[in-house]
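>>> need a 3D model of the following:
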Amino acid sequence: MKKPSDSEENREDLWERLIGLGEQSVRKSYYPELQKRLGELERFRVLLDSSNDLIFMLEVPSGRIVDMNESVCRQTGCSRRKLLGLTFFDCTDREREGELEGILGTDHPSGRGRKLVCSLKSCKRDPIPVEVTLSRMVFGDGEYVAAIARDITEREQAEAALKESERRLSTLMGNLPGMAYRCGNDRDRTIEFASDGCCSLTGYLPEDLIGNRKISFADIIHPDDREAVLRKIEMALGENGPFQIEYRIRTPDGKVRWVWEQGRGILDQEGELVALEGFLIDISERRKAVETLRQSDRMKTEFVKTVAHEFRTPLTSIQGFSELLLAHDRLAPEDRNDALRFIFQRSQSLAEMVDDMLDIARIESGAPLSLRIAPCPVTEIFRQVEPFLKTRLSPQRLELTLAWETTLLSVDKGKVGQVLENLISNAVKFSDAGSPVRIRGDLVGEGYRISVTDRGIGMTPEQVEKIFDKFYRADATDTAVEGVGLGMSMVKNIVEAHGGDIRVESELGRGTTVSFILPVAREPGGLQDK
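Numbers count the residues shown, from 1 in each chain. Purely as a prediction, here's the structure:
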């Protein structure tokens with residue numbers, strides 16, 4: 001309120017002084033604080049613009065972009081002017097639905113929302129895959145959503161590469177002819193991982209072994225090999241080296257398989273053993289091949305010994321009778337003829353063995369067995385072996401029954417005679433003296449079957465299975481009957497070269513029957529080479 005004593009001049013002076021005091025007060029207190037706040041805002045703006053994340057401020061509930069950091073323009077290639085006023089839906093491949101639509105709703109509570117993955121449109125390159133974090137906020141008198149988008153291009157590429165790597169690894173594991181594994185270093189060898197080849201190798205599914213769910217891997221190992229396997233693994237781990245082991249496993253159906261395993265211990269960062277990792281493959285066929293090779297070597301060795309023995313006996317006789325003839329030029333004609341006849345027989349026996357070996361050698365080299373095929377009556381085939389029968393069998397021991405004996409066979413008569421002589425010789429060798437030998441012929445379909453049966457020592461199923469193998473003899477002891485183990489192999493080759501079939505039935509202690517089928521001649525004709 002004005003006082004009467006105050007002049008106008010005094011009042012103006014007082015007002016100027018009051019204003020000056022106010023300005024000074026503002027400068028001293030408010031301006032510094034304001035500048036401080038403005039500096040903080042500027043630093044915050046620089047911080048936001050320097051971020052690699054794309055930050056949008058969206059209006060609720062429209063989703064209109066009202067602000068953004070510089071990274072949005074830098075990474076999308078779109079100007080600020082172009083983006084302002086657009087909705088976030090315009091900039092992404094998301095429709096107005098789902099998480100984004102929900103958080104923009106007016107009834108959504110304030111606070112941090114959920115993350116979503118989408119593609120952010122770009123003005124200069126392909127859409128940018130981003131992971132967006134949505135947060136609801138209140139600013140001034142309005143509500144907004146902060147959308148912070150992070151470029152996940154590299155992450156998606158890494159995930160795609162990881163998936164491709166896992167796919168390749170899975171494909172590789174699935175096609176491996178064996179089983180890759182990871183297991184604990186315990187007596188059960190508790191499986192932690194097993195590839196798909198586990199089933200074909202062990203007969204168990206991977207999940208049957210993992211964690212010893214149905215059976216432990218140690219229980220699959222053959223009991224006779226189990227401790228040896230554990231010892232070898234422990235020895236290798238003690239030397240910090242890999243291990244390689246061959247041993248047997250048993251499948252659920254009781255079969256035994258040989259496996260080869262290679263593995264090593266896996267250490268953690270502290271050097272502690274945490275697991276064993278390795279690989280197993282089935283080597284049953286390889287083991288079988290090796291054993292077959294060893295057996296073949298043994299048989300060849302036995303063959304050489306047998307051949308030497310079989311050759312030595314007749315050669316010794318030939319040598320002896322030759323010396324007799326040379327030393328005594330006045331031998332009686334009868335004795336001289338007997339000596340010559342004996343030399344001839346032994347020479348013939350040696351020639352037959354040599355012929356057999358040469359035939360086998362030709363067959364082994366891939367050359368076909370030479371046959372001279374011609375129609376021949378069944379009776380003619382047996383007539384040519386009559387001299388042989390007389391030397392090997394007495395009439396009382398021979399039981400010969402030929403049905404349709406005039407039937408014409410399309411055969412090499414000499415080779416078939418060789419088959420008969422071999423089979424009859426075996427029947428006599430492996431039978432007691434006086435034991436009968438039955439020979440029977442029957443017409444069966446388009447073939448003629450000849451069977452030779454004895455009541456001799458017979459054979460086991462294992463011996464029957466190997467009877468046609470080269471160099472195999474059912475009895476290879478020093479006291480065994482003569483022979484080099486080529487006869488039955490040669491018999492089989494001759495029969496099959498005719499297009500026929502041969503079978504052996506035998507029972508230990510009760511005798512053996514060998515039967516073979518030869519083709520019947522369709523029409524008569526001359527000689528022909530086959």
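>>> that's a helix at Lys415, yeah?
Yes - with DSSP: H, G, I helix; E, B strand; the rest coil as the criterion, Lys415 is part of a helix.
>>> can you give me the distance of the residue lying closest to Phe468 once chain neighbours are set aside to Asn422?
The spatial neighbour of Phe468 that comes closest, neighbours along the chain excluded (Cβ to Cβ, 6 or more residues apart in numbering), is Lys492 at 4.5 Å. Every C-beta, even on glycine, is put in place using the N, C-alpha and C of the backbone. Using Cβ to Cβ, to the nearest Å, one gets 10 Å for the distance from Lys492 to Asn422.
>>> quick one on the thing from earlier: isn't the residue nearest to Phe468 right up against Asp501?
No - shown here, Lys492 and Asp501 do not form a contact pair, counting by Cβ atoms under 8 Å, at 9.8 Å.
>>> which one's more surrounded, the two?
Set side by side, Lys492 and Asp501 give different neighbour counts by other Cβ atoms under 10 Å, the larger being at Lys492 (19 against 14).
>>> could you report the separation of the more buried one from Ala351?
22 Å.
>>> all strands for the stretch 51-200 of the chain, in order.
Counting by DSSP state E, counting those that start in this stretch, residue ranges of the strands within the stretch 51-200 of the chain are 54-59, 65-68, 111-120, 128-139, 142-151, 178-183, 191-194.
>>> one more: the stretch 401-530 of the chain?
Using DSSP E, counting those that start in this stretch, the strands assigned to the stretch 401-530 of the chain run over residues 408-411, 437-444, 447-454, 501-507, 511-519, 528-529.
>>> quick one: which of these is nearest Gly85?
Each of the strands of the stretch 401-530 of the chain has some distance to Gly85 by Cβ to Cβ; the shortest is strand 501-507, at 94.2 Å.
>>> ok, that closest one: who's next to it in the sheet?
strand 511-519 (antiparallel) (DSSP bridges).
>>> average pLDDT for the partner strand?
When the per-residue pLDDT values of strand 511-519 are averaged, the result is 95.
>>> just want the angle from it to strand 447-454.
160 degrees (axes from the mean of the first three to the mean of the last three Cα atoms, to 10 degrees).
>>> keeping just the C-alphas, turn strand 511-519 into PDB.
Provided in PDB are the C-alpha atoms of strand 511-519 (Å, rounded to 0.1, in the frame of the first residue of the first chain):
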ATOM      1  CA  GLY A 511      26.300-143.400 -41.000                       C
ATOM      2  CA  THR A 512      26.200-141.000 -43.900                       C
ATOM      3  CA  THR A 513      24.100-140.500 -47.000                       C
ATOM      4  CA  VAL A 514      25.400-138.400 -49.900                       C
ATOM      5  CA  SER A 515      23.000-137.700 -52.700                       C
ATOM      6  CA  PHE A 516      23.400-135.700 -55.900                       C
ATOM      7  CA  ILE A 517      21.100-134.900 -58.800                       C
ATOM      8  CA  LEU A 518      22.200-134.900 -62.500                       C
ATOM      9  CA  PRO A 519      20.300-133.500 -65.500                       C
END
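>>> so which bits of that strand are buried?
Gly511, Thr512, Thr513, Val514, Ser515, Phe516, Ile517, Leu518 (16 or more other Cβ atoms under 10 Å).
>>> ok, now stretch 422-436?
When burial is assessed from 16+ other Cβ under 10 Å, stretch 422-436 yields the following buried residues: Asn422, Leu423, Ile424, Ser425, Asn426, Ala427, Val428, Lys429, Phe430, Ser431.
>>> between those, which is closest to Ser365?
Minimum separation from Ser365 among those (Cβ to Cβ) is found for Asn422, which lies at 22.2 Å.
>>> just checking, the closest one touches Ser489?
No - at 10.2 Å, Asn422 and Ser489 do not qualify as touching, with contact defined as Cβ under 8 Å.
>>> and stretch 370-386, how far apart are its ends?
One end of stretch 370-386 sits 24 Å from the other (Cα to Cα, to the nearest Å).
>>> cool, stretch 502-514 as well?
Across its full length, stretch 502-514 reaches 7 Å between end residues, using Cα to Cα.
>>> about what we covered before: distance of the residue nearest to Phe468 relative to Ser431?
Plainly put, Lys492 is 21 Å away from Ser431 if you go by Cβ to Cβ.
>>> Arg362 now?
32 Å.
>>> next one: Ile210
Distance, Ile210 to Ser431, by Cβ to Cβ: 61 Å.
>>> ok, Trp404 next?
28 Å.
>>> ok, Ala161 next?
Taking Cβ to Cβ as the measure, Ala161 falls 78 Å from Ser431.
>>> now do Phe56
Between Phe56 and Ser431 the distance, using Cβ to Cβ, works out to 105 Å.
>>> for the buried residues of strand 511-519, give me JSON lines that also has distance to Val138.
Shown next, in JSON lines, are the buried residues of strand 511-519 (distance: Cβ to Cβ, whole Å):
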{"residue": "Gly511", "distance to Val138": "108"}
{"residue": "Thr512", "distance to Val138": "105"}
{"residue": "Thr513", "distance to Val138": "105"}
{"residue": "Val514", "distance to Val138": "105"}
{"residue": "Ser515", "distance to Val138": "104"}
{"residue": "Phe516", "distance to Val138": "104"}
{"residue": "Ile517", "distance to Val138": "102"}
{"residue": "Leu518", "distance to Val138": "107"}
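>>> which one among these gets closest to Thr391?
Val514 (20.2 Å).
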